[in-house]
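1. what follows is a protein structure lacking sequence information:
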């Protein structure tokens with residue numbers, strides 16, 4: 001099981017992103033647009049335009065991890 005280290009922060013992007021982006025593209029958004037370090041151990045959460053999908057990325061100390069979550073029905077609000 002992959003889990004973040006003890007103290008970590010969550011950052012949630014309020015605007016939708018292009019969901020064709022992979023972990024490198026999302027890490028570039030964190031670095032260039034948010035001016036944060038994608039390798040800090042913080043969890044960065046991105047949402048799709050339809051608001052029914054999430055892509056969190058996190059650095060676990062050995063590599064960048066990206067997960068994908070799709071909600072059935074109404075989606076996230």
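-> Looks like it came in fine. Note that the structure is a prediction, hence the values are computed from the model and not measured.

2. helices along this protein, start to end?
-> Taking DSSP state H to define them, one finds helices in the chain at 23-32.

3. biggest strand in it, by residue count?
-> Identified as the longest strand of the chain according to DSSP state E is strand 53-59.

4. tell me what that one is packed against?
-> Strand 53-59 sits against helix 23-32, strand 43-47, strand 64-66, strand 69-70, with contacts defined as 3 or more CB pairs under 8 Å, 6 or more residues apart in numbering; DSSP states H and E. Any C-beta I mention is one placed from the backbone N, CA and C, and that applies to glycine too.

5. in the protein, what spans have low per-residue confidence?
-> Applying pLDDT under 70 to the chain picks out residues 1-6.

6. change it to 80
-> Within the chain, the stretches with pLDDT under 80 are 1-8, 74-77.

7. residue farthest from the centroid of it?
-> Largest separation from the mean C-alpha position in the chain: residue 73, at 21.5 Å (CA atoms, centre = their mean).

8. hey, what's the residue nearest to residue 12 when sequence neighbours are not counted bridged with?
-> In this structure, residue 12 finds its nearest non-sequential neighbour in residue 45, 4.7 Å apart by CB to CB, 6 or more residues apart in numbering. In this entry, residue 45 is beta-bridged to residue 12, residue 56, by DSSP bridges.

9. residue 45 and residue 16 touch, don't they?
-> No. Contact between residue 45 and residue 16 fails when scored by CB atoms under 8 Å: they sit 11.8 Å apart.
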